[in-house]
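Colleague: How does the following fold in three dimensions:
(chains A and B)
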Protein chains: 2
Amino acid sequence: MIQDSIKTRVVGIDIGYETTTYAVVDVRGKELAKAVFPTTDFPNINNFISYLSEQIIAMVEANGGYESIRSVGVSSPSGNSLTGCIEYSPNLPWKGEIPLAAMMRDRLGLAVAVGNDAYVMALGEVTFGNAHGMNDFILVELEQGLGSCVFSHGHPHLGATGYAGEIGHTVVVENGRQCGCGQKGCLETYCSKKGIVLTAQELMAESNVPSLMREAKELTPLTIASLCDQGDPLAIEVYKRTGEVLGLTLANYASVVDPEAIIIGGSTSRAGKWLMEPLDNSFEEHVFHNIQNKVKILVSALDKEEHNVLGASALAWSVKEYSLFK
Amino acid sequence: MIQDSIKTRVVGIDIGYETTTYAVVDVRGKELAKAVFPTTDFPNINNFISYLSEQIIAMVEANGGYESIRSVGVSSPSGNSLTGCIEYSPNLPWKGEIPLAAMMRDRLGLAVAVGNDAYVMALGEVTFGNAHGMNDFILVELEQGLGSCVFSHGHPHLGATGYAGEIGHTVVVENGRQCGCGQKGCLETYCSKKGIVLTAQELMAESNVPSLMREAKELTPLTIASLCDQGDPLAIEVYKRTGEVLGLTLANYASVVDPEAIIIGGSTSRAGKWLMEPLDNSFEEHVFHNIQNKVKILVSALDKEEHNVLGASALAWSVKEYSLFK
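Modeller: Numbering: from 1, shown residues only, chains lettered A, B, ... in the order given. Sure, this is the predicted structure:
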């Protein structure tokens, strides 16, 4: 059989709570074209998929054509790679089970793989980032929620039903803060963006220590980190508490998993040493002695936006090729 | 090449703190011969290995001969299957790193595989027990210590350095009970044999509630369980507290791993419903809602002794054949 085209490109898509990014990416991870639109413009999933598919077809036609595209990878919160569905996302506008892979495959005529953001981020790290060449590592994503993915023997551990990695909903404080999932004391209530801001508010209420946080127009993990840079003691204390609880939880996780590295990704990782130093101290204090000072704790090499589209492109390469016309 | 014998047998060895069991086992898990001797008779590792090897050679010669034996599998506390060593066991008489696989291979002229007891127990369960046919499950072993093993996609997750599974040394109570590992508040200090007895002693000291435990000649997890059978309220409370902390920890573990089942093995699992009911309640209360009421919680199908020799025989089949004379 004469092969009249070689498929050297994929489409990577990152569905975020606020924006959706899509790109045509080549085999070396080079983005040949990329665009962004607000996810929130589409409260209806059918409209979302139709718009996204039309945009992708237009982008593909302007960048080498349909014949050059092998497959499609999608990163989505609550994306289940075993079913290809978005399942019961608490924060996306679309409720219940959304058969995302099937809906996009029908419109594009291409194989579509779906993964949750932490899994896709881990694929991005192992393909293009700090986990390159590693077989056993944990990726933790610090965003609105807290996701994680364990690579075991070079493969992502997905779990029996595709729900593995819910470190954000492990209970770290019995009868602690109320979580959106119904539980109390979940890690997410302390280390998500909202959780960190809540810790700041609690600290301000607890004491009269002067702090620039009291005058801040908007408190976010990154504005708090910039106040740490200015030497604000209460802002530093916010990250100390955050790093301590995260470090203890990751130590327990590592004692069970024995990873080569833990990679901290997501926008909150940009707080840098204010988060990482207390995290590291708490981790080494609590981890099982046989692996003490052996697990590398690294910040993700890639920015979230870039990361997830690149990770989604790596996911696309992992599925079998498919065409409606074969 | 003419094959003049088919190797249809292996040797399984279970090194325990108190006794060591070894058996010649056929391909279907039938034990053709089995013997036991006290581990504690051999404070010197060289003497232990020499005695064990001589006994095995004699047993093999009386049961089909050397030519019928394919390989050897050993279950040992702190056995590292990546290195073939026993590494820094806190409770065995031999200190530091013991190159067990190499020492036995040199004496027996056979391939030797080593694994820690939880990993070997999981192999036993997946080959001959309740995990048969499962790809993703967690085995937890309740003994003097607490070990665990996760099967992921049909393979045991061993970790980057072979130390995975140390659930016993995850911190469940900050500044809690002192653990032998140097940490405070490890799960093992609450749910090991010693931990359960300590809970009983604390409960007796806390209150004046009458209890048969106060008159018991010897308190062990199984004598406490038999007092539960007699309706002793304080004995029942001991297992309630044990099951609650274990159920919460396993819920966190399951939220991260998403297993099909959790299998509880080890002698304390024989406490039955007194342990399993509070464990199950606490598990379902705390596990992430997407997998609530989906994870089977099972008691191991096999007794510890039988279990570990059978598991060790399954481990033996997993290594490549080897002979000094090839």
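Colleague: Please parse chain A into its domains.
Modeller: A:9-121+A:306-318, A:131-301 (automatic domain parsing).
Colleague: what's the closest of the ones you listed to chain B?
Modeller: Closest approach to chain B among these is made by domain A:131-301 (2.5 Å; C-beta to the nearest C-beta). For the C-beta atoms, the positions are set from N, CA and C on the backbone; glycine is no exception.
Colleague: and the closest one, how far from the chain's centre?
Modeller: 13 Å (C-alpha atoms, centre = their mean, to the nearest Å).
Colleague: can you give me the helices for chain A?
Modeller: According to DSSP state H, chain A carries its helices in the segments A:45-61, A:100-108, A:117-128, A:188-191, A:193-206, A:221-229, A:233-257, A:273-286, A:304-318.
Colleague: just these: most buried one?
Modeller: helix A:117-128 (a mean of 28; mean count of other C-beta atoms under 10 Å in any protein chain shown).
Colleague: Specify the angle between that one and helix A:304-318 in degrees.
Modeller: For helix A:117-128 against helix A:304-318, the angle by axes from the mean of the first three to the mean of the last three C-alpha atoms, to 10 degrees is 80 degrees.
Colleague: How confident was the prediction at the closest residue to A:Gly129 other than its chain neighbours?
Modeller: Nearest non-adjacent residue to A:Gly129, counting by C-beta to C-beta, 6 or more residues apart in numbering or on different chains: A:Ala301, 3.9 Å away. A:Ala301 is assigned a predicted lDDT (pLDDT) of 86.
Colleague: now swap in the one 5 residues further on and tell me
Modeller: Looking at A:Glu306, its pLDDT is 64.
Colleague: chain center to the helix or strand bottoming out on mean pLDDT in chain A, what's the gap?
Modeller: Sorting the helices and strands of chain A by mean pLDDT, DSSP states H and E puts helix A:304-318 at the bottom, at a mean of 84. Relative to its parent chain, helix A:304-318 has a centroid offset of 11 Å by C-alpha atoms, centre = their mean.
Colleague: counting contacts, what elements does that helix pack onto?
Modeller: Under the contact criterion of 3 or more C-beta pairs under 8 Å, 6 or more residues apart in numbering or on different chains; DSSP states H and E, helix A:304-318 touches strand A:9-15, strand A:19-26, strand A:31-38, strand A:69-75, strand A:111-115, helix A:117-128.
Colleague: same thing but 7 Å
Modeller: For helix A:304-318, the elements it packs on are strand A:9-15, strand A:19-26, strand A:69-75, strand A:111-115, helix A:117-128, judged by 3 or more C-beta pairs under 7 Å, 6 or more residues apart in numbering or on different chains; DSSP states H and E.
Colleague: Turn the ones you listed into TSV, including distance to B:Gly147 and mean pLDDT.
Modeller: Below are those laid out as TSV (distance: least, C-beta to C-beta, whole Å; pLDDT from 0 to 100):
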stretch	distance to B:Gly147	mean pLDDT
strand A:9-15	40	96
strand A:19-26	44	95
strand A:69-75	36	95
strand A:111-115	31	95
helix A:117-128	27	92
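Colleague: Would you mind giving these as JSON lines with distance to A:Ser152 added?
Modeller: JSON lines is the format used below for the helices and strands packed on helix A:304-318 (distance: least, C-beta to C-beta, whole Å):
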{"stretch": "strand A:9-15", "distance to A:Ser152": "24"}
{"stretch": "strand A:19-26", "distance to A:Ser152": "26"}
{"stretch": "strand A:69-75", "distance to A:Ser152": "20"}
{"stretch": "strand A:111-115", "distance to A:Ser152": "16"}
{"stretch": "helix A:117-128", "distance to A:Ser152": "11"}
